[in-house]
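Colleague: Need coordinates for the following:
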Amino acid sequence: MKQTVVTLRNAEGHALHCIWEAPANLRRDLACVLLSPGVKMRVAPHRLYRKVARVFAERGIGVLRVDFHGLGDSEGDLPEAQLDQLYRKVQQGRHVCDARAAIDWLEQDQGISRVVVGGLCGGAITGLLAAESDPRIAGLYAIGIPVTLDGPAEQASAHMTRGELATMRREYLRKVFNPKAWKRLLLLQSDYQLIFRATTASLRRWLRRRGPVRMQDDTPLPAAPPASNFNMGFARAFFRVLGRGAPALLIFSGSDRLYFEFKEKFAEPWAAALAPLATQFSVEIVPKANHVLGDPSWVAETKHYTAGWLDRCFS
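Modeller: Sure, this is the predicted structure:
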């Protein structure tokens, strides 16, 4: 596989430095664009993008790995001083223009106008938001896609899912007979807000009253009001992308809170609206894996799911 350094410019004039990986049997009808995950570079944590790119290359699909503006080797500055603020901007579509610039380059330089986009976390949500309005995007490849908007760290416990709280509850029960845990509790060193939320989650759900749900666009109605930190831009884009026939592969790590958030804050509330689209998207879980798939066995499972999806949808 031949690797080439590519420099292209986004709509704001920033130079984006990318790597184009082209197999010898390069297809001219389809390419893949892997986008920066969060604040990481185009190789992704543990060189994940280099590894999954091989699955695409084995099928003749070239891969363009992109550094967002302000990240990696690309030009530009990001003004946020805190990570939660930066992540929120990414989740709202800050780098969609970079994804479009990458597709423009593939179309103009390589003659390829049909692409799969995505990546890990921030790369996945950027790919989805770009696909909402770009018909050249033929599929979404998402690893650990976030469905919520980040906020201040002190608010994190207020948005924990049932799955996360159940895990915490089991952990607290395990510590009941641990003297060190009681010492921390009595010395005011424990997170009392989190303990309260974990131990009273079921009661608070029973007491909660559900009000009417209203959408401001064509997004289908959920069965219950969305979570306060849910990213409505995710739901809108997801239904629009699948609605025009583009398939999606969603891979989640079993130990990642993002899986619980996807399940409880999107898949369950919108279950009725998602049912007619069930054949268009696949949700795969890598058990016990962490967010960045740091173990080789987790990467191997991810590559297996990737290969199966490509063979089904883009052979």
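Colleague: got the residue ranges for the strands in the stretch 151-300 of the chain?
Modeller: 248-253, 281-286 (DSSP state E, counting those that start in this stretch).
Colleague: Show me how the record splits the chain into domains.
Modeller: Residue ranges for the domains of the chain, per automatic domain parsing: 2-151+227-314, 155-207.
Colleague: Just name the most buried of these.
Modeller: Compared across the domains of the chain, domain 2-151+227-314 shows the largest average neighbour count, a mean of 19 (mean count of other CB atoms under 10 Å). For the C-beta atoms, the positions are set from N, CA and C on the backbone; glycine is no exception.
Colleague: just to revisit the earlier point, for the domains of the chain, please prepare JSON lines with the additional fields mean pLDDT and distance to residue 217.
Modeller: Supplementary listing: those in JSON lines, determined by pLDDT from 0 to 100; distance: least, CB to CB, whole Å:
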{"stretch": "domain 2-151+227-314", "mean pLDDT": "95", "distance to residue 217": "6"}
{"stretch": "domain 155-207", "mean pLDDT": "57", "distance to residue 217": "23"}
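Colleague: Please tabulate the strands of the stretch 151-300 of the chain in TSV, including the columns distance to residue 260.
Modeller: Output for these, formatted as TSV (distance: least, CB to CB, whole Å):
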stretch	distance to residue 260
strand 248-253	9
strand 281-286	11
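Colleague: Looking at those, which is nearest to residue 36?
Modeller: Nearest of these to residue 36, taken as CB to CB: strand 248-253 at 17.5 Å.
Colleague: Show me where the stretch 151-300 of the chain has its helices.
Modeller: Here the stretch 151-300 of the chain has its helices, by DSSP state H, counting those that start in this stretch, at 162-174, 179-186, 192-207, 232-243, 257-262, 271-274, 296-314.
Colleague: can you give me how far the shortest one is from the chain middle?
Modeller: Yep, that's helix 271-274 we're talking about. 20 Å (CA atoms, centre = their mean, to the nearest Å).
Colleague: any idea how far the residue nearest the centre of the chain is from residue 267?
Modeller: What sits nearest the mean C-alpha location of the chain, by CA atoms, centre = their mean, is residue 145, with 1.6 Å. To residue 267, residue 145 is 12 Å away according to CB to CB, to the nearest Å.
Colleague: Does residue 149 touch residue 229 like I think?
Modeller: Yes - between residue 149 and residue 229 there is a contact under CB atoms under 8 Å: 5.5 Å.
Colleague: The nearest residue to residue 107 once chain neighbours are set aside: what's it in contact with?
Modeller: Leaving out its chain neighbours, the residue that sits closest to residue 107 by CB to CB, 6 or more residues apart in numbering is residue 113, at 4.5 Å. In this structure, residue 113 makes contact with 103, 106, 107, 136, judged by CB atoms under 8 Å, 6 or more residues apart in numbering.
Colleague: can you tell me which two in these are farthest apart?
Modeller: Greatest spatial distance among the contacts of residue 113 (CB to CB): 106 and 136, at 8.7 Å.
Colleague: what do those two both touch?
Modeller: Common neighbours of residue 106 and residue 136 (CB under 8 Å, 6+ apart) are 113, 115.
Colleague: Same list, the contacts of residue 113, but as CSV with secondary structure and distance to residue 5 please.
Modeller: Shown next, in CSV, are the contacts of residue 113 (DSSP: H, G, I helix; E, B strand; the rest coil; distance: CB to CB, whole Å):
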residue, secondary structure, distance to residue 5
103, helix, 18
106, helix, 15
107, helix, 19
136, coil, 23
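Colleague: Excluding chain neighbours, what is closest to residue 139?
Modeller: That would be residue 116: by CB to CB, 6+ apart, it lies 4.3 Å from residue 139.
Colleague: so what's the one you found up against?
Modeller: Neighbours of residue 116 in contact, by CB under 8 Å, 6+ apart: 30, 31, 32, 33, 56, 61, 137, 138, 139, 140, 141, 314.
Colleague: hang on, the third one in a helix?
Modeller: No - if the criterion is DSSP: H, G, I helix; E, B strand; the rest coil, then residue 32 is strand and not within a helix.
Colleague: coming back round to it: quick one: closest of the strands of the stretch 151-300 of the chain to residue 39.
Modeller: Proximity to residue 39 (CB to CB) singles out strand 248-253 among the strands of the stretch 151-300 of the chain, at 18.6 Å.
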